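[1] quick check, what structure comes out for this input:
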Amino acid sequence: MLLNHFLFIFGLLVYAGYGIPGFCYLAVAVTLAYTLGRLIPRHKWLLWPGVVLPGLWLLLIKLQPVTGISLLAPLGISYFTLRIISYMADVYKGVQEPERDFSRFALTMTYLPHLFLGPIEPYGTMANALFQDRKITWDGIADGLVRLAWGGFKKLVIAARLSVVIGTISGDPAAYSGAYALAACLLYSIQLYADFSGGIDMVLGLSRMLGIRLSENFESPYLSQSIQEFWRRWHITLGAWFRKYVYFPLGGSKKGTFRKILNTMVVFLVSGIWHGVEYLLWGIGHGIGVLFGRKLQTKSKLLNRLGTTLVVSLLWAFFVWPTAATAGKMLLSIFTTFNYGTFFASLGSLGLTLGDWIVLGVAVVILTVYDGWTAKWHGLWQKLRPWAKTAVIGVLALLVALYGMYGIGFNAESFIYSRF
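    As a prediction, this is how the structure comes out:
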């Protein structure tokens, strides 16, 4: 369809705007994947270069802080590398027919809205969403607009304000430890969730307006009662990718307890490296939490949720501070430096005004209430008449315009998870 041709050309032009070298890498990677995908059914051994080459390049990029090697790291490389690997693995297994139409293959791999942030869709799912007989309808436009505005609310009203506070605290570890470190971890949980899920909301909203339905990537993760449940609700498509292409091929849980433990830890080690070599300890912590966290559960759902949120938040320390050593030092200070009185007295010096703190508090309450009753809100939205939907969209857009920190606009590089 004509719209798909426009999306393809427009997407390439926008991506080229982030750097010609990165654009060239993307073009070569997509062309190579298409060619090998055509050949793999007859020459099975070609799976290995098809998987190893992009995987090795991605690994070397993630190891740059250790090796000191400087390599080209195009924006979104972590996401489209996983899509390329999964496509060739599926072709090898015979669960995906090799794509013969290069333009169709290229658009499916480089569809702009999900190129930078996800979700990480299997090739067949993404191709069906793009090329099925879809229609642009008022309901689709309304659903997409409200999702787009909601994503902007989370990104610009919540995450943008929290980035100021966390930037102040993490920028001077010597001055901000103890209570400040705990606050940074807890607030970063909210910031990252608002930033990442807000970006995904924008991707899904824009796609819905075009008649394209993509997979959900979050399901109220901070309502989880265990780390294992958290990973079923957080970055859902990434977790599904690791289960299908790493955990199950290693044997999953079918080869005894020891192998289950080993396979789980391998998955989270790989997940840590996927984010960056400096996040290995973060991956190990989550692996241990998934394996043994349920043994610490109580009969109280509230206590389980609070405990899970606290553990997840403390592990985000490896994202808040630039090195694992600094993160470890800040985590230790939480239990050794008791300066909570000083912290509350200095809230006004962390970069936000009293008005900003009030706006932030109200916005977080709104986000929490929405997450607690997501299904009910969706059901209510579907029952609204067109004029009421228009009003809701207008109110959300107005809130973003009035209280958004950076104004309205999309910049892929400003989203935290686009860096990985």
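[2] for residue 391, phi and psi?
    Dihedral angles of residue 391 (phi, psi; degrees, to the nearest 10) stand at phi -70, psi -40.
[3] now do it against residue 381, distance only.
    When distance is defined by CB to CB, to the nearest Å, residue 391 is 12 Å away from residue 381. Just so you know, the C-beta spots here come from the backbone N, C-alpha and C atoms, and that holds for glycine as well.
[4] then residue 200?
    According to CB to CB, residue 200 and residue 381 sit 18 Å apart.
[5] surely residue 173 and residue 330 touch.
    Yes - with contact defined as CB atoms under 8 Å, residue 173 reaches residue 330; the gap is 6.1 Å.
[6] could you look up the SS state of residue 213?
    coil (DSSP: H, G, I helix; E, B strand; the rest coil).
[7] element containing residue 228, please.
    Per DSSP states H and E, residue 228 falls inside helix 227-233.
[8] run the chain-centre distance for the next helix-or-strand element following that helix.
    Downstream of helix 227-233, the next assigned helix or strand under DSSP H and E is helix 236-242. Its chain's C-alpha centre and that of helix 236-242 lie 10 Å apart, by CA atoms, centre = their mean, to the nearest Å.
[9] what mean pLDDT does helix 236-242 have?
    Averaging pLDDT along helix 236-242 yields 95.
[10] may I see the buried residues of it?
    Buried residues in helix 236-242, counted by 16 or more other CB atoms under 10 Å: 236, 237, 238, 239, 240, 241, 242.
[11] name the nearest residue to the third one, sequence neighbours excluded.
    What that stands for is residue 238. Leaving aside its chain neighbours, residue 238 sits nearest to residue 120 (5.8 Å; criterion: CB to CB, 6 or more residues apart in numbering).
[12] how about the fourth one?
    Here the nearest residue to residue 239 in space, its sequence neighbours aside, is residue 231; by CB to CB, 6+ apart that works out to 5.2 Å.
[13] with the last one instead?
    Once flanking residues are discounted, residue 242 sits nearest to residue 267: 5.1 Å by CB to CB, 6+ apart.
[14] before we move on, what about the fifth one?
    Setting aside the residues directly before and after it, residue 240 is nearest to residue 120 in space (CB to CB, 6+ apart), at 7.8 Å.
[15] where does the prediction get shaky in this protein?
    Residue ranges of the chain with pLDDT under 70: 1, 406-414, 418-420.
[16] which parts of it are strands?
    Taking DSSP state E, the chain contains no strands at all.
[17] circling back to that earlier point, just list the residues touching the residue nearest to residue 240, thanks.
    The contact partners of residue 120, taken as CB atoms under 8 Å, 6 or more residues apart in numbering, are 79, 82, 83, 86, 237, 238, 240, 241.
[18] one more time with 10 Å
    Residue 120 is in contact with 78-80, 82-83, 86, 114, 126, 215, 217, 235-242, counting by CB atoms under 10 Å, 6 or more residues apart in numbering.
[19] quick one: it from residue 297, how far?
    Counting by CB to CB, the separation of residue 120 from residue 297 is 29 Å.
[20] residue 231 too?
    According to CB to CB, residue 231 stands 15 Å off from residue 297.
[21] more crowded one of these two?
    Using other CB atoms under 10 Å, the more surrounded residue of residue 231 and residue 297 is residue 231, with 23 against 14.
[22] that one contacts residue 247, doesn't it?
    No - the pair residue 231 / residue 247 is not scored as a contact, 11.4 Å apart, by CB atoms under 10 Å.
[23] find residues that contact each of these two.
    Common neighbours of residue 231 and residue 247 are listed as 239, 267, 268 (criterion: CB under 10 Å, 6+ apart).
[24] nearest to residue 47 among those residues?
    Among these, residue 267 lies closest to residue 47 (CB to CB), at 20.6 Å.
[25] let me see the contact set for the closest one.
    231, 239, 242-243, 245-247, 250, 252, 283, 286-287, 290.
[26] tell me which residues in stretch 340-357 are buried?
    Within stretch 340-357, the residues that qualify as buried are 343, 350, 351, 352, 356, counting by 16+ other CB under 10 Å.
[27] no no, stretch 20-30
    For stretch 20-30, burial by neighbour count (16+ other CB under 10 Å) applies to 22, 23, 25, 26, 29, 30.
[28] separation between the residue lying closest to the third one once chain neighbours are set aside and residue 363?
    What it means is residue 25. Nearest residue to residue 25, sequence neighbours excluded (CB to CB, 6+ apart): residue 74, at 5.0 Å. Going from residue 74 to residue 363 by CB to CB gives 33 Å.
[29] before we move on, back to that, can you list contacts of the helix holding residue 228?
    Residues contacting helix 227-233 (CB under 10 Å, 6+ apart): 216-224, 226, 234, 238-240, 242-243, 264, 267-268, 271, 285-294, 296, 304-305, 307-309, 311-312, 315.
[30] just the buried subset of those, please.
    Buried among the contacts of helix 227-233 by 16+ other CB under 10 Å: 217-218, 220-224, 226, 234, 238-240, 242, 264, 267-268, 271, 285-291, 293, 304-305, 307-309, 311-312, 315.
[31] now intersect the residues you listed with the helices, please.
    The helices, defined by DSSP state H, take in 238-240, 242, 264, 267-268, 271, 285-291, 304-305, 307-309, 311-312, 315 from the buried ones among the contacts of helix 227-233.
[32] wait, residue 109 touches residue 103, no?
    No - Residue 109 lies out of contact with residue 103 (CB under 10 Å); the separation is 11.0 Å.
[33] neighbour count: the two, which is higher?
    The neighbour comparison of residue 109 against residue 103 (other CB under 10 Å) goes to residue 109, with 21 against 11.
[34] find the nearest non-adjacent residue to the more buried one, please.
    Residue 109's closest residue in space is residue 30 (CB to CB, 6+ apart), at 5.2 Å.
[35] how near is the residue lying closest to residue 403 once chain neighbours are set aside to residue 198?
    Excluding the flanking residues, the one nearest residue 403 by CB to CB, 6+ apart is residue 157, at 4.9 Å. Using CB to CB, we find residue 157 at a distance of 9 Å from residue 198.
[36] kind regards, and thank you for your time.
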